[in-house]
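Peer 1: 3D, please:
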Amino acid sequence: MRRALPTALLLLALALLPLAAPPRVQAADAGLVLEALGHLQTRYVDAVNPVGLLNGAIGGLRGALSAAGVKANLADITAGVGSRQVETLFRGRFDAAVGAASGRVSTTALAYAAIRGMTATLNDSHTGFITPEQNRERQLRQQGQAGFSGAGIVLMPREGRYYVRDVIPGSPAQAAGVRQFDRIVRIGTVPTTGLPVDGVAGLIRGPAGTSVSIVVERPGQPDQITITLRRAPIQVPAVFQATVRDGGIGYLQFYQFVERSGRDFRDGLRQMLVGGMKALVLDLRANNGGYIHELSSALNAALPPGRPVIQETNRGGRKQIIRTSGAPLLPAAMPIVVLIDEGTASAAELMAAALQEHGRATLLGMKTSGAVEASILLNLSDGSALSVTVQRLTTGLGRRLENVGVAVDVQVPQPLALLDQGRDHQLEQAMALARQRLGVAQPAVRPPSGVGNTR
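Peer 2: Sure, this is the predicted structure:
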């Protein structure tokens, strides 16, 4: 399962410059749009209307031209046109768009805008267009490799401000001393106030070996701090940390479902059990999903065998139920609290839902993103790709999560005032709930020490 649309949390370590560019076989033009259309007609989980899809593509062309200040009369294609004629008509619209652009918008940019417009008509979280650079990165990331270079910061936008959500272990950001909840106020000489998320990300991104300076405000520190980062290839681990805290509360931050992540998840649990874990806080915030088989592997560690955890329905309507198997690692009586938020998506949503449906965990935080389908990645001839939904997914008990999300049992927001103090209010409340379930006394809340809440 892959999420085609961006979440509110942007991973700056990724989506940067590729280490090796994919080969280009065909130019990005009207032919590429029709190639993408063919994939949707043959592989998308539901039957599609080519006229409707190509009208969406024409809308994408109009949008790209309008954004560049170019006026063009590109009419929609009339319903009921035959398949061969509709492709001819679309090529005519595309050629007209190229002519109107007069070089102000490249043919490649128009083709990409058309494909994005086409997939947008489906309103599907897992169907969308991926550029050649994103395609290369995604393939390497799913394999657990370092596909791109960057700083190693997970950015969290809040009310026009930009905080460090997490620092990736072993990254340049960690080496340079960037800390969780540092607020990024300037990148080089450019203030972040008023910039869109992509603008902030674009200023931090860059090729390996180059440097960038960020200015941060740190909780408890009166003066701004300038940090110089030397960009490098980033390998994002599935498990950011697995530690046992005071009172025997285990904390596992599970970040993505890539190859071998189920094994890493189970290894983290074993490590904490040996360390005396009596209750588990599982942090799925900002986890945007990944492979179904890795999700199954992780759920087998927490649920008894035979429990339904996912229902899959394919293009022909055939349904399959995936159930847990094998003996779980965690004792049945061990309390589990799962942290979720708006950045929790896809496989992570299904994991939270399965633990909730089978009465195995309490969900705390905020409602998830509602991006839950199963998709495949189909390469296009210029090195780009199309993510196409091929199965509809529900929870094991048949609950539909797409465009709905998983509701929490205990709603806990992340107040801006506490972020500015360097406090992770959601994690504090999750730890408190776990201690309550164990009957362990709550430790005194310490004021910020001036170094923030580090991980």
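
Peer 1: C-alpha from now on. contacts and neighbour counts both.
Peer 2: Fine.

Peer 1: Find the residue at the geometric middle of this structure.
Peer 2: For the chain, the residue nearest the mean C-alpha position is N288 (3.6 Å; CA atoms, centre = their mean).

Peer 1: Tell me how far that one lies from L74.
Peer 2: 37 Å (CA to CA, to the nearest Å).

Peer 1: Can you tell me the closest non-neighbouring residue to M334?
Peer 2: Closest residue to M334 apart from its sequence neighbours, by CA to CA, 6 or more residues apart in numbering: A279 at 5.5 Å.

Peer 1: let me fix that: S375
Peer 2: Spatially, and ignoring its direct neighbours in sequence, S375 is nearest to T389 (4.0 Å; CA to CA, 6+ apart).

Peer 1: wait, doesn't that neighbour sit right on L378?
Peer 2: No - the criterion here is CA atoms under 8 Å, and T389 misses it with L378 at 10.7 Å.

Peer 1: and this protein, what are its domains?
Peer 2: Following automatic domain parsing, the chain resolves into domains at 49-121, 239-438.

Peer 1: ok, and what's touching the lengthiest strand in the chain?
Peer 2: With DSSP state E setting the assignment, residue counts place strand 385-395 as the longest strand in the chain. For strand 385-395, the external contacting residues (CA atoms under 8 Å, 6 or more residues apart in numbering) are 2, 4, 36, 40, 43-45, 124, 126-132, 135, 309-315, 350, 353-354, 372-380, 400-401.

Peer 1: Which neighbouring elements make contact with the helix or strand hosting A96?
Peer 2: Secondary structure assigned from DSSP states H and E places A96 in helix 83-101. Secondary structure elements in contact with helix 83-101, counted by 3 or more CA pairs under 8 Å, 6 or more residues apart in numbering; DSSP states H and E, are helix 30-43, helix 50-67, helix 107-120.

Peer 1: can you put those in a markdown table and add mean neighbour count and mean pLDDT?
Peer 2: Supplementary listing: those in a markdown table, determined by neighbours: other CA atoms under 10 Å; pLDDT from 0 to 100:
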| stretch | mean neighbour count | mean pLDDT |
| --- | --- | --- |
| helix 30-43 | 19 | 97 |
| helix 50-67 | 22 | 97 |
| helix 107-120 | 23 | 97 |
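
Peer 1: Minimum distance to M431: which of the ones you listed has it?
Peer 2: Taking CA to CA, helix 107-120 is the member of those nearest to M431, at 40.2 Å.

Peer 1: strand partners of the helix or strand that the closest one is followed by, parallel vs antiparallel please.
Peer 2: Sequence-wise, the next helix or strand beyond helix 107-120 is strand 128-130, with elements assigned using DSSP H and E. Strands adjacent to strand 128-130 in the sheet, as given by DSSP bridges, are strand 385-395 (antiparallel).

Peer 1: What's the mean pLDDT across the helix or strand following the partner strand?
Peer 2: Past strand 385-395, further along toward the C-terminus, the next helix or strand under DSSP H and E is strand 410-411. Per-residue pLDDT over strand 410-411 has a mean of 98.

Peer 1: circling back to that earlier point, in the helix holding A96, what's buried?
Peer 2: V86, E87, L89, F90, R91, R93, F94, A97, V98, A100, A101 (16 or more other CA atoms under 10 Å).

Peer 1: The second one: what's its closest spatial neighbour, skipping adjacent residues?
Peer 2: Same thing as E87. With sequence-adjacent residues excluded and distances taken as CA to CA, 6+ apart, E87 is closest to L34, at 7.4 Å.

Peer 1: From G128, how far off is the one you found?
Peer 2: Spatial separation of L34 from G128 under the definition CA to CA is 15 Å.

Peer 1: go on, Q411?
Peer 2: 31 Å.
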